[in-house]
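**Student:** The sequence and its predicted three-dimensional model are supplied below.
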Amino acid sequence: MTELTPVLSATWDAEQSWKLSTYEDHGGYRALKKALGMEQNDIVQAIKDSGLRGRGGAGFPTGMKWGFLPPDDGGPRYLVVNADESEPGTCKDIPTMLSAPHVLIEGVAITSYAIGCNHAFIYLRGEVTHVYRRLMQAVREAYAAGHLGKNIHGSGFDLDVTVHAGAGAYICGEETALLDSLEGRRGQPRLKPPFPAVAGLYARPTVVNNVESVSSVPAIIDRGVEWFTSMGTERSKGMGLFSLSGHVERPGQYEAPLGITLRELIDMAGGMRGGKKLKFWTPGGSSTPIFTEEHLDTPLDYESVGAAGSMLGTRALQIFDETTCVVRVVTRWTEFYKHESCGKCTPCREGTFWLTQILKRVENGQGTEADIQQLLDTCESILGRAFCALGDGATSCISSSIQYFREEFEQHIAEGACPFDHSKSALFEYDAAKVTEEAHA
Amino acid sequence: MTYDADTLAQLRKDANDIVGRYPVKRSALLPLLHLVQSVDGYVSPDGIAFCADVVDLTSAEVSAVATFYTQYKRRPNGEYQVGVCTTALCATMGGDEIWRQLSDKCGVGHDETTADGKISLERIECNAACDYAPVMMVNWEFFDNMTPDRALRIVDDILEGRDVKPTRGPNKVSTFKETERVLAGFEDGKADEDQGVGDPTLVGLKIAREQGWEEQR
Amino acid sequence: MTSTADKATTEAVETVTLTIDSREVTVPKGTLIIRAAEQVGIDIPRFCDHPLLKPAGACRQCLVDVAAPDREGNVRPFPKPQASCTMTAMDGMVVNTQHSSESAKKAQEGVMELLLINHPLDCPVCDKGGECPLQNQAMSSGRTETRFIDVKRVFEKPLALSSEILLDRERCVLCQRCTRFSKEIAGDAFIDLQNRGAMQQIGTFNEDVLNFDGYEPIGVAAEDESGRAFSSYFSGNTVQICPVGALTSASYRFRSRPFDLVSSAGISEHDSSGAAIRTDHRRGKILRRLADNDPVVNEEWVTDKDRFAFTWQNLSDRITRPLVRGEDGELHEASWPEALAAAAKGLRTALDGDGEDATPQGAAVLPGGRVTMEDAYAYQKFARLVLRTNDVDIRTRVASDEEQDFLGSSVAGTGMGVTFTDLEKAPAVLLAGFEPEDEGGVVFLRLRKSLGRQRVFTIAPYLSRGAEKLDATLLATAPGGEGKAFAAVKGSTDAAEALKQDGAVIIVGERLAGAPGAFTQALALAKRTGAKLAWIPRRAGERGAVEAGALPALLPGGRSVTEASARDAVAQAWGADALPEQAGRSASAIIADAAAGKIDALVVGGVTPSDLSDDLTAALEATGFVLSLEVRRSEVADYADVVLPVAPPSEKSGTFVNWEGRLRGFATAIKTDAMSDHRVLDILARELGVHLGTGAVAEISQQLGSLGAATKAERPAAPKVDAAKVDAKAGSELVLASWHLLVDEGALQDGEPYLAGTGRTAVARLSRKTADAVGLKDGLVTISSGTGSLELPVVITDMIDGVVWVPAKSPGSWVAQELGVEPGARVTVKGGV
């Protein structure tokens, strides 16, 4: 039995957990003081040694990312925290920032010190007002306490932090689109190279890290690399927030070592809702190919999930039971990608436009047998050919759902209607027949 | 621009403050557009001209940005922006039905505003609260674990002028304009208001405490 | 002046060698794969890629398979096809395009299918049909039948981005060439991507299109004072580079099919840049003009004036037959022999008297500034050999003796001097009396190409929008005071330091002729700093006329009329006994003397009276005999005794010499009976018993070639004129500043309302302090001189006090005609109208 390991979430149940005083009472900013006494390179090395991998989905080693910065040329370099949490199913950074914003601020301070940054930015998605309030307050408190600002704790290190609210665009979670957005532009991805490490924000060397990655830094500095590497699997070290949502009895945040299985997590979550059967799930958000019951024991680490044909992504475990129509869910995800496609490249812009139309027809029973092949072909025209990963992500749920549930697509086409009663998958009762009647009225 | 002198003076003062947060002026554009919404209740053509002037862009470049992001509204928005998440998971868990009943009740569709200017209804995409599905947002405050009945009650309260209280957030939802001022980066002193941490946020921690797992750390 | 090629560069270039479709190619390091493929003739389809724009990687049509060596040198394939328009070539890279890779072919076909799902099938009525990259690509590698059975995206069409540029959004493939051009090249970000995802589209801020509530904002942040959108001087280039039929021009829309057109190469007649153009015509009618690709001059860009202003030559007032004034006082069509006889008679009388008048006062020639070099040569030779006078001057604009000495000593016969390439490479540029965007659009684009790596300084009353886009530093100067401004660039001033850098350039415009001492000081500054000096006049014919000697004190090749050896050399070449010795009168003096009845005959070329501050009509009225050589029936014809029709540029061959000194020869695009000025003058000379030898372009070239450039001794001395001090103070007497905006009411822009619609609104510019002193009423001012006044709205501008700026010939602001003065003059300004 894998045990949960609350680290980032350890203080969330404290009274006014978001306040500086609460955080400091629990040892907050101890790591910053320790870090300020260390050589910058030693901090980078520690993060490299910890094996911490980017918690924003791609899983790129965080320390290595820091190490890509060119040598100091005297000009500014930036840390930008990606707090644009928007991937469907992903809901870990928002509670982190709402409940314990200081763990992020402390992480920002240590990371900035390590990489030689004097102005860091937190790019928060704009649709979470209260989170923004908490972050702005936390930054204000941190300045007042001398954790930010000039000559932090007498170290000679200066750091300003700007919390920036976005305005509603999923694509800004892509790091170069985020940088363009932070520069006041349309959030469309940039050509790479140059990579942000070389020419990022304002064309200066920049590290873009996810909230959870940066928030993991203080604990690693405070408790040591060995403590961190004692958790997780051989190549997926440490702990992470696993966000269970959907048809489980107790959805929510489970902070556990990487490598825990969904079976264990569902167990802790009190099982499936009403004892129903698991049908499909996403291991890391809607951009990761879906899994089914057969993957219940797949260790949730980067390697194992990859080997099983999906991606660990953001550990956004969206659980759907047997009452759920997979065609409906996939159609909704595809509509999401169509809505969020930035429009820059042909495959993603036109492809998601087309896929949505086909899927809507199929879901409503107006599909043709050729449609399933067309879905696969169109996915092929997007996958690996779009400008950024959004396009790839849009195809994952379609290709994988046809792989596992082709019959269900065919059933929609053959029966000329969706065979599911949608009200059965809702958390409350309503009359689905009435809805259908109205829709056709 | 048709702003009166006082409004313009305040806008310029706030814009200065925003521009001062960034090493490069253009970075201020997103918060500036939020600021414009806090004054006009939407991104008005005047607001476009104002932003263009502040950050030295053409109006085409400003509208290019304003029309890229969904939070920027092109017509006067309702006092309360009511968003129902209808992305896959929330839709499945009941978001679709909540949307249907709210749309029925308000008599408006997506991105439309009730005649009294109280409510703008929007189908929103995933708002990063999936463990609280189905989710509704009012002026971008969390209304978790919605049912049609609770959603209708909230809308009733708004239409009848009563304060509404989010499940995770301040004691009452601010107006759209007030909210936009916060999103422009101006604190409103409500950061400490709290309706309690929701169960899903604490579920793992609770189990760990019950099991004594966290003690080893 | 014979070289047309830039000096070869000798810098060593680091190269890489890669293999594309089994063919080895070596290219400079940093070359994109798509460019490298072009080197070996391998065409990779593309839409967003354009060699002069930064890579975008947006359309994804150019996907190819790439394998590249890893750190150990093992060539490893990339897992996904790569966009060849964004990836640079590497040593040892192996690229397989659609010609040799199934997966590349499949990827391209996939993108093509996606591009077409929303594209309308309106090729039969689309202007681009027949020359459309998308159509071609669809024909060669698209599916024969669409698999898309759902609902296409539709938009209201067309959308007018300006009076000239129309957008059919449903045809657009969102390659962003137009927006990238507008931002990167022209600096006019008046169009941008709007909306997101599948609804993304190109556009201005248009509240109706984007569904905004309200109205269009007008004010400081709007595009110009009119609030009009997309009033870029270069907007037509977006139509040309649009790879589909999304952008079209109002003037060409639905006019023709590309396969019905005959294309002829040409040179634009609109400014001194000598931009290469392509004229497309059908059955003798010009349907459109395009930019031609000339990498050393205009690259692939032209101004909207170069592109759209061609209708002037085919308006209803075009003259095709000679006209002779009859007994009834009216002009009547006449045969060429009749007209030539009448012209000869009139001129002969002016030269020799009619028997009764014992003291004939002779004739003078005003050829105008739009002549080709050959025409200019013929006019001056006609004056000197036939009319026996040096009274010939193309400078129907502000001019001075100092300028003529400058041109004779430092410009004429100096060959290629500063080039466009030099401008691009210059670390610093100082502008004086010259607004690059308005008075030399292509020059502006070349300077802007160096934005960020070039310091630009401008001696001007204020930073024009063009100068702002060059990030120029203003050396605020009232017109007339440029000489002092040059003198102040010394010691360790910013500009002086910048100009000391190797390759720095000083650009002087023709307007400096109105500033005493300016040319003198420009020469001194060039000497002081080592910077190169370039004279960039506005009109296309100026440099050629200077070379050809169509100036009162200059013979061909920079020879001074007052140098006997120079005169002898020319006389000998022309087989004449002698040339008139006395320097001729300037255009301004000719006009004044003619008006005073001191000249008996005038030969007038392409001169528009309203362009001149001098009273040309009074001169024409007072002169006994007026001969007009014109394309269209102009105001000059109203006073002319004989009018001889001449060919417009599209109907003749010849040479414009651009400001670089580069010969820009062009052939006849449309063959008609119309003759060039030089040929008409040749025939007329024969009628007067003189063999001019200017019947053919080749004859003239031969003569100019054998004459060659003047020796130093034959040239006039460099000018030495004291710099004038201009005392400009806020008050009611202000110094007038003015120049021609690129799009205005010049005669060569007649008949093109769509272009005119993109012109900037005429406004008067004053500093805040000056405006306060004047006292505005309703935002208006009245500007008066002794002869007339202008009433214009005011835009308060950050500019030098005591100066009022107005556009030279924009709607409602015809400065020369109404005020009768040149920039630098004092005018009275008062608030209100």
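**Tutor:** Ah, there it is.
**Student:** Centre of the chain to stretch C:766-773, how far?
**Tutor:** 33 Å (CA atoms, centre = their mean, to the nearest Å).
**Student:** again with stretch B:88-108
**Tutor:** 18 Å.
**Student:** quick one: terminal-to-terminal distance for that stretch?
**Tutor:** One end of stretch B:88-108 to the other measures 22 Å (CA to CA, to the nearest Å).
**Student:** Quick check: the residue of the stretch 501-650 of chain C nearest chain A.
**Tutor:** C:Gln501 (23.7 Å; CB to the nearest CB). Yep, even glycine has a C-beta here, placed from its N, CA and C like the rest.
**Student:** From C:Leu602, how far out is C:Arg585?
**Tutor:** 12 Å (CB to CB, to the nearest Å).
**Student:** Which neighbours do the two have in common?
**Tutor:** Shared contacts of C:Arg585 and C:Leu602 (CB atoms under 8 Å, 6 or more residues apart in numbering or on different chains): C:Ala364.
**Student:** Settle it for me: which of these two has more neighbours?
**Tutor:** C:Leu602 (29 against 22; other CB atoms under 10 Å in any protein chain shown).
**Student:** Domain ranges for chain C, per the record?
**Tutor:** Structurally, chain C divides into domains by automatic domain parsing as follows: C:15-117, C:123-314, C:323-397+C:543-646+C:678-707, C:406-538, C:733-831.
**Student:** Give me the number of neighbouring residues for whichever residue of the stretch 501-650 of chain C sits closest to chain B.
**Tutor:** Closest approach between the stretch 501-650 of chain C and chain B, counting by CB to the nearest CB: C:Ile507, at 26.4 Å. Residues near C:Ile507, counting by other CB under 10 Å, number 27.
**Student:** same question, the one 10 residues further on
**Tutor:** Using other CB under 10 Å, C:Gly517 has 24 neighbouring residues.
**Student:** now A:Phe387
**Tutor:** Neighbourhood size, A:Phe387 [other CB under 10 Å]: 27.
**Student:** same deal with C:Ala724?
**Tutor:** C:Ala724 is flanked by 16 other residues according to other CB under 10 Å.
**Student:** before we move on, back to that, which residues does the residue of the stretch 501-650 of chain C closest to chain A contact?
**Tutor:** C:427-428.
**Student:** mind redoing it with 10 Å?
**Tutor:** Listed by CB atoms under 10 Å, 6 or more residues apart in numbering or on different chains, the contact set of C:Gln501 reads C:426-428, C:455, C:529-531.
**Student:** Which residue, neighbours along the chain excluded, lies closest to residue 185?
**Tutor:** Just going to use chain A. With CB to CB, 6 or more residues apart in numbering or on different chains as the criterion, A:Arg185 has its nearest non-adjacent residue at 6.4 Å, and that residue is B:Val65.
**Student:** that's the other chain; I wanted chain B
**Tutor:** In space, B:Gly185 is closest to B:Pro31, 5.2 Å off (CB to CB, 6+ apart).
**Student:** Wasn't that neighbour part of a helix?
**Tutor:** Yes. Counting by DSSP: H, G, I helix; E, B strand; the rest coil, B:Pro31 falls inside a helix.
**Student:** Need the pLDDT of it.
**Tutor:** We have a pLDDT of 98 for B:Pro31.
**Student:** Who are the contact partners of it?
**Tutor:** Counting by CB under 10 Å, 6+ apart, B:Pro31 makes contact with A:126, A:162, A:164-167, A:184, B:14-15, B:17-19, B:21-22, B:180, B:183-186.
**Student:** Show me those that map onto strands.
**Tutor:** Judged by DSSP state E, the contacts of B:Pro31 include A:162, A:164-165 as members of strands.
**Student:** what's the closest of these to C:Ser810?
**Tutor:** The shortest approach to C:Ser810 among those belongs to A:His164, at 44.2 Å (CB to CB).
**Student:** And the closest residue to A:Thr229 other than its chain neighbours, its phi and psi?
**Tutor:** Of all residues not flanking A:Thr229 in the chain, A:Lys237 sits nearest, at 5.0 Å (CB to CB, 6+ apart). The phi/psi pair for A:Lys237 (degrees, to the nearest 10) reads phi -90, psi 150.
**Student:** list the contacts for A:Lys237?
**Tutor:** Counting by CB under 10 Å, 6+ apart, A:Lys237 makes contact with A:49-53, A:61, A:220, A:225, A:228-231, A:257-259, A:301.
**Student:** Can you tell me which of the residues you listed is closest to C:Glu374?
**Tutor:** Of those, the one sitting nearest to C:Glu374 (CB to CB) turns out to be A:Pro61, at 72.1 Å.
**Student:** Test of understanding: give the bridge partners of that closest one.
**Tutor:** Applying DSSP bridges to A:Pro61 gives these bridge partners: A:Arg53.
**Student:** Let me know how buried it is, in neighbour terms.
**Tutor:** 17.
**Student:** got a list of what it touches?
**Tutor:** A:47-48, A:50-54, A:67, A:235, A:237.
**Student:** and these, which are buried?
**Tutor:** Neighbour-count burial (16 or more other CB atoms under 10 Å in any protein chain shown) applied to the contacts of A:Pro61 gives A:47-48, A:50-54, A:67, A:237.
**Student:** among the residues you listed, which two are most distant?
**Tutor:** The widest separation within those (CB to CB) is 16.8 Å, between A:Gly67 and A:Lys237.
**Student:** returning to that earlier point: of the ones in strands among the contacts of B:Pro31, which is the most crowded?
**Tutor:** A:Ala165 (27 neighbours).
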